[in-house]
Structure formats: C-alpha cells, structure tokens
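Colleague: The amino acid sequence is not available; the structure is as follows:
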C-alpha cells in the first residue's frame, strides 16, 4: 500500500518523544508535524533527517484503513496502546 495523498494521519496522530528537525521538543500526539505538506504528504519522506520512527512506519490497511477518517481512528487507538508516556503529553 502507498501513502494516500491528503491523509497525513501518521503525521498528526502519534507522539514523537525525541527532538527532530523543526520540532526540537518532539511532537505531541494529535499535533500536526511541521513537515506535513499541504497535499497531506511528508516533506521529509526521502530525507535522512526524517525521524526513525517515521521511516519505520509503513502504510498498511491495518493502520491506514480505507480513508483518512478511518486512519485517524485506527492510529489513535494504536497510539493509546503504545505511548510509553501515556496520557501525560496530551
């Protein structure tokens, strides 16, 4: 599966707890990444400065569903289950 233009759910939903280019304090869950372009695609997609957690993420139906709305819901559920800092960084 390829990234869906206009989606960007993976650049909004998950928290990133380490600093990265343009976001020196990391990214809170639900916060839009500064690198999410107007077309809903990552501007750092092929850039080595892209965070490792982002590079490891692969678009798959289990995470992305069949629409942006479904992707937001699926990833929000996954974020709740996997966030090592829990609800503290809302």
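Modeller: Good, I have the coordinates. As the structure is a prediction and not an experimental result, all values here were calculated from the model.

Colleague: how far away is the closest residue to residue 13 other than its chain neighbours from residue 15?
Modeller: With sequence-adjacent residues excluded and distances taken as Cβ to Cβ, 6 or more residues apart in numbering, residue 13 is closest to residue 75, at 4.0 Å. In this view, the C-beta of every residue, glycine as well, is placed from N, C-alpha and C. Separation of residue 75 from residue 15 (Cβ to Cβ, to the nearest Å): 11 Å.

Colleague: With residue 40 instead?
Modeller: For residue 40 relative to residue 15 (Cβ to Cβ), the value is 19 Å.

Colleague: before we move on, what about residue 81?
Modeller: 13 Å.

Colleague: More neighbours: those two, which one.
Modeller: With neighbours defined as other Cβ atoms under 10 Å, residue 81 and residue 15 compare such that residue 15 has more, 18 against 7.

Colleague: which residue packs closest to that one, ignoring adjacent ones?
Modeller: Per Cβ to Cβ, 6+ apart, closest to residue 15 is residue 29, 4.0 Å.

Colleague: Measure how buried that neighbour is and give me the count.
Modeller: 19.

Colleague: How is it assigned, secondary-structure-wise?
Modeller: coil (DSSP: H, G, I helix; E, B strand; the rest coil).

Colleague: pLDDT of the longest helix belonging to the chain, averaged?
Modeller: Looking across the chain with DSSP state H, the single longest helix is helix 68-82. Over the span of helix 68-82, the pLDDT mean works out to 94.
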